[in-house]
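> Okay, here's the prediction I keep looking at, along with the sequence it came from:
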Amino acid sequence: MIKRRPYPSLRHVASALYAGYRFSDVLRTFLTYIDAENIEDSISQEPPLLAGLCPRGAYLDAYLAAVGEFEAERFGFAPPNWVEGEGRFLSAPLAPTIGYEALHQILASETPAAFKKRGLVVSSNALDVA
């Protein structure tokens, strides 16, 4: 039986985000269907930039690039060139939320390199899907 992939690529993920779908739901669904057989197709096409088109667009642009790079490396492939492109990095690193500075420091210490270099702070298991 062939698994139907609701979001077969990061390009589709970006389109869903532009349409207003919830980021965590779309990303989790995308990651659920990623495997060694489809990773290259899933990340090879550059997603459209969302900055200025939807809330938190610049953040989403950087995050999708980090996901593309992280997943490529996880499966032993070279990341696609688009992940290093203009608009795929935050202009300034995310600042800690007031009252959560200690948590921010902990997360910053475990953030994978693909995210850290883009100014993103995530937990080391941010892309784990149960």
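All right, it came through fine. Numbers count the residues shown, from 1 in each chain.
> from memory Cys54 sits against Leu60, does it?
Yes: under the criterion of Cβ atoms under 8 Å, Cys54 makes contact with Leu60 at 7.3 Å. The C-beta positions use only the backbone N, C-alpha and C, and glycine is treated the same way.
> Least confident secondary structure element in the protein?
Across the helices and strands of the chain, mean pLDDT, DSSP states H and E gives its lowest value to helix 101-110, namely a mean of 82.
> Quick one: the helices in this structure, in order.
Using DSSP state H, the helices of the chain run over residues 10-18, 23-32, 39-43, 57-74, 101-110, 113-116.
> which one of the ones you listed lies closest to Ser124?
helix 101-110 (4.1 Å; Cβ to Cβ).
> tell me what the closest one is packed against?
Helices and strands touching helix 101-110, as assessed by 3 or more Cβ pairs under 8 Å, 6 or more residues apart in numbering; DSSP states H and E, are absent.
> which residues are common contacts for Cys54 and Leu60?
By the contact definition Cβ atoms under 8 Å, 6 or more residues apart in numbering, Cys54 and Leu60 are jointly contacted by Leu17.
> more neighbours, the two?
The residue with more neighbours, out of Cys54 and Leu60, is Leu60; 22 against 14, by other Cβ atoms under 10 Å.
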